[in-house]
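>>> I would like the atomic coordinates for the input below:
(2 chains)
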Amino acid sequence: MNLDSLLPNLGEWLRGTGPESDVVVSTRIRLARNLADYPFTNRATLIQKGEIVSRAREAIARAELPYTLEYLDVPSMPALDRQFLVERQLISRELAAVLDGPRGVAFESARESASVMINEEDHLRLQVLRSGFALDEAWADIDRLDDALEARLMYAFHSQFGYLTACPTNVGTGLRASVMLHLPALGLTKQIEKVFRALQKINLAVRGLHGEGSRAFGDLYQISNQVTLGKSEAKILGEIKEVIQTILQYERQARTTLLKERRQGEQDRVARALGTLGSATMITAEETMELLSVVRLGIHLRLIDDVPATCVNQLFIQTQAAHLQKLVGQPLDGEERNAQRAKYLKARLRELGSHRP
Amino acid sequence: MNFPGNNGMKCMFCQNVATVHLTNIVNHQGWEAHLCEHCARERNLLGDAPGPQINLQALVKLLATPLVSPHQEAETACPVCGQSYAAFKAEGRLGCSHDYEAFRGVLEPLLERVHRSTVHQGKFPVAAQRIAELEELQSRMQVAVAAEDYEQAARLRDLIRQKQAEGRRG
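Numbers count the residues shown, from 1 in each chain, chains lettered A, B, ... in the order given. A predicted model of the protein is given here:
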């Protein structure tokens, strides 16, 4: 499969629709699973890893699902393609660049809504993505995918400890649900730290865009459960739902206050952000994300109406390093990337401007 | 017992400096325990009153639990994959699914800390569920046999056969 065919698509998680999409960007659930007859990935030999890949691929190919999963071999993939898949949230950075030996990913290529990583930290990492706040739908989907694979694979399962995982922090359900939130108003009104302290107290983790250890750029935060053992999947999801509802209320309140108290100031900030995006000649990915965050807030506060929300998502994904290099069709170093990014943004925003009434 | 002595030794339950040191001789075998004050209080070894008073009942309980010393713990290895507990501690990853049994004694307190639980609730793989159901029926059948309730035992035997046949078909 040629990955370039994915380039013009947004992918499920950036579709920009879905419930509560003014604040919730996307919902993701992953399940960690291991095959019963093999050591965990970090202790498996190359031969065993190869067997795990072929067993998993066979199960995936024969799984009864309403969509097909296409397999991509990671070791034989160019570095740029791996990075591209990381940016599209289809594989982890570990699978792309840290781990070695036979490994790969099978994913649903039409919507990019489901993927199965093979030989990541666990033999199988199932993932389902949904745009907006859709934990129940995502669970129904991944539960079905899990059942379909389990019908053909013997999972490592323990009657007391549940699904066994390489790291004891994932044992039990093996479930990690992450909801990605755009919280610019809580950031501006300095309430964000308070929210996070409250979350940590109830054992929910807050991370940046790219998961563990990543910084929160562009006011994007991922909220996820940490406990995987001793609570049912429904209970884990229910607790996250409750918390997200509260954060949604806080963010919307903060947005209302912002509009009431400094509408002019916000209007100016949005106009300046668009101005910089449309006229810079060098721009980093980080600055782009920060400015797009301002524009996105402007759209949802109805301070601008000529930039569609999906356009922000499009610019967000296309200006990331690997996407940009694929668009240009050649490898670029840091400086060249910043120049090309600025060029791309300028062209896209001019295109939008020409459609303005 | 030295209290509150300190020779830089680590508590046997956490990373804090041990300030409570217990020595006991049983059958000419020396037995030592080193705890920080927090862990000692958690195990009710120290009373609420200040000063070197010790709760004897709690001490007996501590003595009765088969404690793995940090040294022995590190040498525990999984009989299937050979991963040592020390390697797990260093890497944070277990070697294979059998490690959960091999290191159960040290993993359970860890799981309790991380998840506040040691027992899975939630989804079961269908195959595992079938095995659990069969085991349950088999033990009920044995109880029925022991109680000489042969009618019930026969019913259960038929049910077990039926389930086994379903399993082979599925």
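>>> any chance you could map the helices in the chain?
All of this refers to chain A. In chain order, chain A shows helices spanning A:46-62, A:79-87, A:93, A:135-150, A:184-188, A:192-201, A:233-279, A:285-300, A:309-318, A:321-328, A:334-354, with DSSP state H as the criterion.
>>> Switch to chain B, please.
Under the criterion DSSP H, chain B contains helices at B:37-42, B:56-64, B:70-75, B:85-91, B:99-102, B:104-115, B:126-146, B:150-169.
>>> tell me the most buried of those?
Mean neighbour count, computed with mean count of other Cβ atoms under 10 Å in any protein chain shown, is highest for helix B:99-102 among the helices of chain B, reaching a mean of 21. Every residue, glycine included, has its C-beta placed from N, CA and C.
>>> now for that one, which elements pack on it?
In this structure, helix B:99-102 makes packing contacts with no helix or strand, judged by 3 or more Cβ pairs under 8 Å, 6 or more residues apart in numbering or on different chains; DSSP states H and E.
>>> The residue in the stretch 251-357 of chain A that chain B sits nearest to: neighbouring residues, count only.
Of all residues in the stretch 251-357 of chain A, A:Ala322 sits closest to chain B, at 28.4 Å by Cβ to the nearest Cβ. A count of neighbours around A:Ala322, defined by other Cβ atoms under 10 Å in any protein chain shown, yields 19.
>>> gap between it and A:Met282?
Using Cβ to Cβ, to the nearest Å, A:Ala322 is found at 19 Å from A:Met282.
>>> Then A:Gly50?
Distance, A:Gly50 to A:Met282, using Cβ to Cβ: 45 Å.
>>> Same question for A:Thr68.
Between A:Thr68 and A:Met282 the distance is 42 Å, computed by Cβ to Cβ.
>>> so where's the chain uncertain?
Unless you meant another one, I'm taking chain A. By pLDDT under 70, the low-scoring segments of chain A are A:209-216, A:354-357.
>>> I was after chain B.
When the per-residue scores of chain B are filtered using pLDDT under 70, the ranges that remain are B:1-10, B:12-15, B:18-35, B:39-74, B:128, B:167-170.
>>> How about the residues of it by chain A?
If contacts are counted using Cβ under 8 Å from any Cβ of the partner chain, the residues of chain B sitting beside chain A are B:81, B:83, B:91-97, B:100, B:107, B:110-111, B:114-128, B:132.
>>> So A:Pro184 is in contact with A:Gly298, correct?
No - taking contact to mean Cβ atoms under 8 Å, the distance of 9.6 Å between A:Pro184 and A:Gly298 leaves them out of contact.
>>> ok, residue 143 - contacts?
No chain was given, so I picked chain A. With Cβ atoms under 8 Å, 6 or more residues apart in numbering or on different chains as the criterion, the residues that contact A:Asp143 are A:233, B:123.
>>> I was thinking of chain B, sorry if that wasn't clear
Listed by Cβ under 8 Å, 6+ apart, B:Val143 has no contact partners.
>>> so which residue of the stretch 51-200 of chain A comes closest to chain B?
Nearest residue of the stretch 51-200 of chain A to chain B: A:Gly162, at 2.9 Å (Cβ to the nearest Cβ).
>>> Just give the number of residues close to the nearest residue to that residue once chain neighbours are set aside.
Closest residue to A:Gly162 apart from its sequence neighbours, by Cβ to Cβ, 6 or more residues apart in numbering or on different chains: B:His120 at 2.9 Å. The number of residues packed near B:His120 is 25, by other Cβ under 10 Å.
>>> looking at it, B:His120 is touching A:Gln160, isn't it?
Yes - at 6.5 Å, B:His120 and A:Gln160 qualify as touching, with contact defined as Cβ under 8 Å.
>>> ok, back up a step: pull the contacting residues for the residue nearest to A:Gly162.
Each residue near B:His120 by Cβ under 8 Å, 6+ apart is listed here: A:158-163, A:171-173, A:229-230.
>>> Just the buried ones from these?
A:158, A:161-163, A:171-173, A:229-230 (16 or more other Cβ atoms under 10 Å in any protein chain shown).
>>> Tell me, how many residues neighbour A:Pro75?
Using other Cβ under 10 Å, A:Pro75 has 11 other residues around it.
>>> next one: the one 5 residues further on
For A:Leu80, the number of neighbouring residues by other Cβ under 10 Å comes to 14.
>>> Could you verify my assumption that it touches A:His323?
No - because the distance of 9.9 Å does not satisfy Cβ under 8 Å, A:Leu80 is recorded as not touching A:His323.
>>> sorry, back to before: which of the helices of chain A is buried the deepest?
With neighbours defined by mean count of other Cβ under 10 Å, none of those is more surrounded on average than helix A:184-188, at a mean of 22.
>>> contacts for that one?
Outside helix A:184-188, the residues that touch it by Cβ under 8 Å, 6+ apart are A:192, A:195, A:219, A:247, A:250-252, A:254-255, A:257-258, A:293-294, A:296-297.
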